[in-house]
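1. Take a look and give me a structure for this.
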Amino acid sequence: MARAARATKITNIDTKAPERIALDSADRRIIEALQTDGRRAYGSIAEDVGLSEAAVRRRVQRLRDARALDIVAVTDPLQLGFNREAMLGVRVQGDVRAAADKIAAIDEAIYVVMCAGSFDILVELITEDDDHLVHVLNDQIRAVEGVTEVETFLYLKLAKQTYSWGTR
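-> Now for the predicted structure:
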């Protein structure tokens, strides 16, 4: 199942990190309002923040242009028929960046990060069922050049998931 390009944020591993954008208290309050309800009207946010609707609209656009903010729908995979979630620890021989790029291109891989420690790459997968997971593991992840080991951690129950860390 293909993902919508707009809802997917893929960072080129070789590019320099973007410059950090300065946030003031109004920006933080706008972000908090949108994290609570991404469909909230700018006029309503403006009343709470003490700015005009146009000022809120400009600030949101500035945050979006700086890639500091994306407004997307967050779904529950189980409600949409994706009944198996897993985290993979991947070990790589050779160029970890190339392997991470190839894994990031797999639709079922929703989170791919290079890391330090016992694994070179962590990958979060969402699949329809165990058969689909086996297919992705054997036919896609393990087929990536340089992948030497994959350890799979099956999700049993979600204890916490938050998107509100952006203004701390």
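2. for stretch 91-100, which positions count as buried?
-> 91-92, 96, 99-100 (16 or more other C-beta atoms under 10 Å). For the C-beta atoms, the positions are set from N, CA and C on the backbone; glycine is no exception.
3. now do stretch 76-95
-> Neighbour-count burial for stretch 76-95, counted by 16+ other C-beta under 10 Å, picks out 77, 82, 84-86, 88-92.
4. Same list (these) but as CSV, adding secondary structure and pLDDT.
-> Shown next, in CSV, are the buried residues of stretch 76-95 (DSSP: H, G, I helix; E, B strand; the rest coil; pLDDT from 0 to 100):
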residue, secondary structure, pLDDT
Pro77, helix, 82
Phe82, coil, 85
Arg84, strand, 94
Glu85, strand, 95
Ala86, strand, 97
Leu88, strand, 98
Gly89, strand, 98
Val90, strand, 98
Arg91, strand, 98
Val92, strand, 98
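5. Nearest to Asp107 among these?
-> Nearest to Asp107 among those: Phe82, at 11.4 Å, using C-beta to C-beta.
6. ok, now which ones touch the closest one?
-> Residues in contact with Phe82 (C-beta atoms under 8 Å, 6 or more residues apart in numbering) are 126-128.
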